Each structure stands twice: as structure tokens, then as C-alpha cells.
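Chemist: Provide a 3D model corresponding to the input given below.
(one chain, ligands or ions: 1)
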Amino acid sequence: MANQAENAQNPEAGKELTVEHIPVLAETLTKQVAVPRDGTLVDATIGQGGHSLLFGEKLGPGGTLIGFDVDENALARSSQRLKDLACRVLLIHSNFAGIREALAAHGIERVDFILADLGYSSDQLSDLKIGISFQEDMPLDMRIDRSLETSAADIVNGLDETSLADLIFQFGEDRASRRIARYVVRHRETEQITTTGQLAAIVCKALYRPGQKKRARIHPATRTFQALRIAVNHELDNLTQLLACAPDLLNSQGCLAVISFHSLEDRLVKYDFRGKASEGIYRVLTKKPLVATENEVQVNRRARSAKLRIAQRIE
Ligand SMILES: C[S@@+](CC[C@H](N)C(=O)[O-])C[C@H]1O[C@@H](n2cnc3c(N)ncnc32)[C@H](O)[C@@H]1O
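Modeler: Below you'll find the predicted structure:
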């Protein structure tokens, strides 16, 4: 069947690829997961379509590649990138939390492979409209899905001090969460916090220790930004829903592969796979998470925190 990039909106946008995203652990993944030529594959986080292209090339005209993304630009870009594949390509603008219903709406009940490469692509991290990074000063927003109501600025300027501290502790695992929340609340009494640069500076001030010589391994604002991103985009709830419905969607011998970038996500995946293995639902193919080689990290810094876990559906 001819390649059909169905439902991808505004395909012209795909031509302006400004920042290329290098797919992480791509070689490792393709070595670990074999897909049938006429199989049905789901890329739950298609992004720029890097992983999808590698797997899509393994499919023949009888195969189907389905891509999900909450970001319409990502769908448009991947549509361009996948246009020469021999298999059918179906792109769906939806959160992967609703994967079961979205697939059912297209008459698809079972698939052979589900991949979730969590997090954000390089172009999203540098997108001023999304406002996720503290490396550059951007409007403080963080909504990947533009239909979400609450932005990071709403949380930072609206939440009471205790709830803000709890959020930074729970989703950022920052032990200085109370101190950071105190500085944020003190700052916003005089001025609203509207940019990522402003917030990063406030966190740095909160964590500054006079006379401290040793440089921190990560930027002081990393954990606070992670916490806000998780909260704004409901990252952990979405992943929980995907993990819950994956066994019902996978054919026997079908695989679920998840690449995560922070320990909260990885822990969810690890315990989900372990629990379902003990119930005889999965065989876990990765006793320990697979990580990038030094060579890969040198080429792609994003890969340094990536962890890949794979489970296989058994009857
Ligand atoms: C790391 S990128 C994927 C990159 C892709 N594997 C590639 O090789 O180009 C993650 C993508 O997932 C999307 N995304 C994040 N959370 C999502 C969710 N809950 N549902 C659907 N897409 C999501 C983001 O918009 C982003 O485009």
C-alpha cells in the first residue's frame, strides 16, 4: 500500500527542520527488537521520526507504522521524513495516554511493537514558544501539548509555598525544595516570574552557598525545571496509562520498549515490568536498563541519561 501520512496537519511545516534530533540508543534498540515485515508498529512519541524511520525501513508494503505525538509540528516533520517508506504510515495527533482508544478508532486492536522515547526532542528544547529550557531565556511555559490549560508560569506564580515545595520535592527530588519555594514566593511578591531565565536565577540564588568551591555536577535549576515539566505535561500519569494498557495491545511475542530520561520514569517502568513478569504477562528482556556507550554520548549528549527497558508479551 502506498505511504499515507494520515492526519498529519500542516505538512509544509516539516520542511523547516531547524534543530535535528538524534535518536538515542537507536542501534541498541534495533539490535534488541526484531519486527515482522508485515507487522504493526507504534511509535508512541514519534518526534522527528528518527526511530520510526529505522523501524519503518524494516517493514514491507504489508506493514503499518503508527506514530503518536501531542505536538503537531512533530507530526508534520516526521510525515516529511517518513514519506518514502514502503509501509503504510498513520500519524495520530494524540497523547499516548489514550493509545487504546485512538488505535481502536482506526480499527487496530493489536500491534507487534510499541516504542516510547520519553521526553522532548532537541528542537522542542530550543523552541521559544514551548519555553522549557534554562539554557536560554524564554517565556516560562513548558506545555508541549498546546491544548493544556496550565503553564509553568501559572504554577510558579499561583501555587502556595508549601504546595510548590512539595511539587519540587516530589517531581524534582530536590532536597532544597523548601528553600527554593521560599525564594520563589518572596520574589513574586514584587514581580511575576514570566521567563525561564528569571526562574533559573531565583533558584541559583536560593541554592548559592558563599565560599562554595566545588562546582555542582548539574545546573542548580535542573531539578526544579524537571519538576515543573513533569507537572505541566502530566508526564508520570501519561506513562502510567501507557504501561497499563500495553499488555492488552501487544500480540504474543510483541515488545514494549521505553526509553526514559529521569529516575521517576525509569522506576515506573522497572516496577511495571517486574510486576507483570511475576504475573506471567511479560518476559523482561533487559534485566538492567541499557544505556548509551561513551561514543554515543560524545556524539549526542542527550543520550547520557537515557535508559532503555524492553519487555516482551507472553501468553
Ligand atoms: C524524545 S522525542 C522523540 C524523538 C523520536 N524518537 C525521534 O527519533 O525523533 C519525544 C516526543 O514525544 C512527544 N511526547 C511527549 N509526551 C507525549 C505524550 N504523552 N503523548 C504523545 N507524545 C508525547 C514529544 O512531543 C516529542 O515529540
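
Chemist: residue numbers of the stretch 201-315 of the chain in contact with the ligand?
Modeler: residue 238 (Cβ under 6 Å from any ligand atom). Every residue, glycine included, has its C-beta placed from N, CA and C.

Chemist: ranges for the strands of the stretch 201-315 of the chain?
Modeler: 250-260, 282-284, 307-313 (DSSP state E, counting those that start in this stretch).

Chemist: could you pull up phi and psi at residue 193?
Modeler: phi -100, psi 110 (degrees, to the nearest 10).

Chemist: tally of neighbours for it?
Modeler: Neighbour count of residue 193, defined by other Cβ atoms under 10 Å: 18.

Chemist: can you pull the contacts of it?
Modeler: Contacts of residue 193 were listed using Cβ atoms under 8 Å, 6 or more residues apart in numbering, and they are 140, 153, 156-157, 184, 187, 199, 202.

Chemist: thinking again about what came up before, now the strands of the stretch 201-315 of the chain in TSV, with mean neighbour count?
Modeler: Compiled in TSV, the strands of the stretch 201-315 of the chain are given as follows (neighbours: other Cβ atoms under 10 Å):
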stretch	mean neighbour count
strand 250-260	22
strand 282-284	17
strand 307-313	23
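
Chemist: could those strands go into TSV alongside mean pLDDT?
Modeler: Conversion of those to TSV gives the following (pLDDT from 0 to 100):
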stretch	mean pLDDT
strand 250-260	98
strand 282-284	98
strand 307-313	98
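
Chemist: rewinding a little: out of the contacts of residue 193, who has the most neighbours?
Modeler: Going by other Cβ under 10 Å, residue 140 tops the contacts of residue 193 with 27 neighbours.

Chemist: if we can go back for a sec, the contacts of residue 193 in helices, which ones?
Modeler: Cross-referencing the contacts of residue 193 against helices under DSSP state H gives 153, 156-157, 184, 187, 199, 202.

Chemist: from these, which is closest to residue 164?
Modeler: Nearest to residue 164 out of these is residue 184 (Cβ to Cβ; 6.3 Å).

Chemist: what are the ranges of the helices in the stretch 1-150 of the chain?
Modeler: Remark: helices assigned in the stretch 1-150 of the chain by DSSP state H, counting those that start in this stretch are 26-32, 50-56, 72-81, 99-105, 122-125.

Chemist: does stretch 54-72 reach the ligand?
Modeler: Yes: using Cβ under 6 Å from any ligand atom, stretch 54-72 reaches the ligand at 68-71.

Chemist: most surrounded residue in those?
Modeler: Going by other Cβ under 10 Å, residue 69 tops the residues of stretch 54-72 next to the ligand with 28 neighbours.

Chemist: which residues touch the residue nearest to residue 123 when sequence neighbours are not counted?
Modeler: Counting by Cβ to Cβ, 6 or more residues apart in numbering, residue 123 lies nearest to residue 19, which is 4.1 Å off, once chain neighbours are set aside. Residues near residue 19 by Cβ under 8 Å, 6+ apart: 122-123, 126.

Chemist: return the closest of these with respect to residue 134.
Modeler: residue 126 (12.0 Å).

Chemist: please tell me the pLDDT value assigned to residue 121.
Modeler: If you check residue 121, the pLDDT there is 88.

Chemist: what residues does it make contact with?
Modeler: Taking Cβ under 8 Å, 6+ apart, one finds 21, 47-48, 74 in contact with residue 121.

Chemist: could you identify which of those residues has the most neighbours?
Modeler: residue 74 (28 neighbours).

Chemist: contact partners for it?
Modeler: 46-48, 121, 124.

Chemist: and if you look at residue 150?
Modeler: 143, 232.

Chemist: likewise residue 259?
Modeler: 24-25, 29, 115-118, 306-308.
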